[in-house]
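Colleague: A structural model of the following input is requested.
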Amino acid sequence: MDVRSVQRTRPVQRVATPEERGAWRQGVAVAVATGAYGVSFGALSVLAGLDVWQTCVLSLLMFTGGSQFAFVGVIASGGLAAAPAAIGSAVLLGLRNVAYAVRMNPIVGLSWWHRLAAAQFTIDESTAVALAHTEPRARRIGFWVTGIGIYLGWNATTLAGALLGDVLGDVRAYGLDAAAAAAFLALLWPRLRSRQAVAVGVAAAIVAASLTPWLMPGLPVMIAALVALVVGWFNWLGARDVSGGPAGEERR
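Modeller: Numbering: from 1, shown residues only. Model (predicted):
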């Protein structure tokens, strides 16, 4: 057989682009930083009165850190009688994932099972890593690597924190929440290149910080999100083309 014909039939291996490799690195880095924070949740959940199994089920099924901390925080302050308020707080904080799902729907994959599986992994970090890239494949890599990596790490460290809660003491003193926030900020920072993006970030932070002491968990986040919607809808501080419309808008 001709050697050249064999070479022609041999499948060509696809080489990952620099952006795809970057999505892998970012996804793994964010997963490690955020997953470690699960130790805090596991320990705090047990201290709030939940047992190890209840704590692990929350991480397996709910899997949204803000909602989980809000739930155990309300339980810790009011016991089982506060369960309705705890559930309400968790639901309010989880509503932001619905908005993420709308944005991630065309990114995660075309098949229905891709989209069904993606529902469990659609969180702040997986959305941020995906949208930090422009290539479609890099976005998919960033979403899945981050989401699955955090899910595995978060559940493993939740179990560790629940089992070692008494040994660890006050887990808030370890500053693990700062590591997760720093990883998220590192993804957000490169996107703050325009006046509008900076204004949205600053305004949303001020609104959330101002309302947090006065409203139940979840509401400050939802109200702060409205800032971005209003600014984006009216294109305040956004660049405009010579026709008077937003930048990039096609002339008719």
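Colleague: Tell me where the stretch 101-250 of the chain has strands.
Modeller: Shown for the stretch 101-250 of the chain, no strands are assigned by DSSP state E, counting those that start in this stretch.
Colleague: just the helices in it please.
Modeller: 112-118, 124-131, 136-163, 165-168, 176-188, 195-211, 219-234 (DSSP state H, counting those that start in this stretch).
Colleague: From Gly73, how far off is the nearest residue to Ala31 once chain neighbours are set aside?
Modeller: Of all residues not flanking Ala31 in the chain, Gly149 sits nearest, at 2.9 Å (CB to CB, 6 or more residues apart in numbering). In short, each C-beta sits where N, CA and C put it, glycine included. The gap separating Gly149 from Gly73 is 26 Å, by CB to CB, to the nearest Å.
Colleague: Neighbour count: these two, which is higher?
Modeller: Gly149 (22 against 18; other CB atoms under 10 Å).
Colleague: number of nearby residues for Glu125?
Modeller: 26.
Colleague: Could you double-check that it lies in contact with Thr146?
Modeller: Yes - using CB atoms under 8 Å, Glu125 is in contact with Thr146, at 5.4 Å.
Colleague: what is in contact with these two at once?
Modeller: By CB atoms under 8 Å, 6 or more residues apart in numbering, Glu125 and Thr146 have these common neighbours: Val30, Ala31.
Colleague: From what I see, the residue nearest to Ala31 and Gly27 are in contact.
Modeller: Yes - with contact defined as CB under 8 Å, Gly149 reaches Gly27; the gap is 6.0 Å.
Colleague: Any idea which of the helices of the stretch 101-250 of the chain gets closest to Phe41?
Modeller: helix 136-163 (5.7 Å; CB to CB).
Colleague: what packs against that closest one?
Modeller: The elements that helix 136-163 packs onto, with contact taken as 3 or more CB pairs under 8 Å, 6 or more residues apart in numbering; DSSP states H and E, are helix 18-35, helix 38-47, helix 52-57, helix 124-131.
Colleague: Contacts for the first one next, please.
Modeller: Put plainly, it is helix 18-35. With CB under 8 Å, 6+ apart as the criterion, helix 18-35 contacts 16, 65, 125, 128-129, 132-135, 137-139, 141-142, 144-146, 149-150, 152-154, 156-157, 179-180, 182-184, 187.
Colleague: Show the buried residues in these.
Modeller: Buried members of the contacts of helix 18-35, counted by 16 or more other CB atoms under 10 Å: 65, 125, 128-129, 132-133, 138-139, 141-142, 144-146, 149-150, 153-154, 156-157, 180, 183-184, 187.
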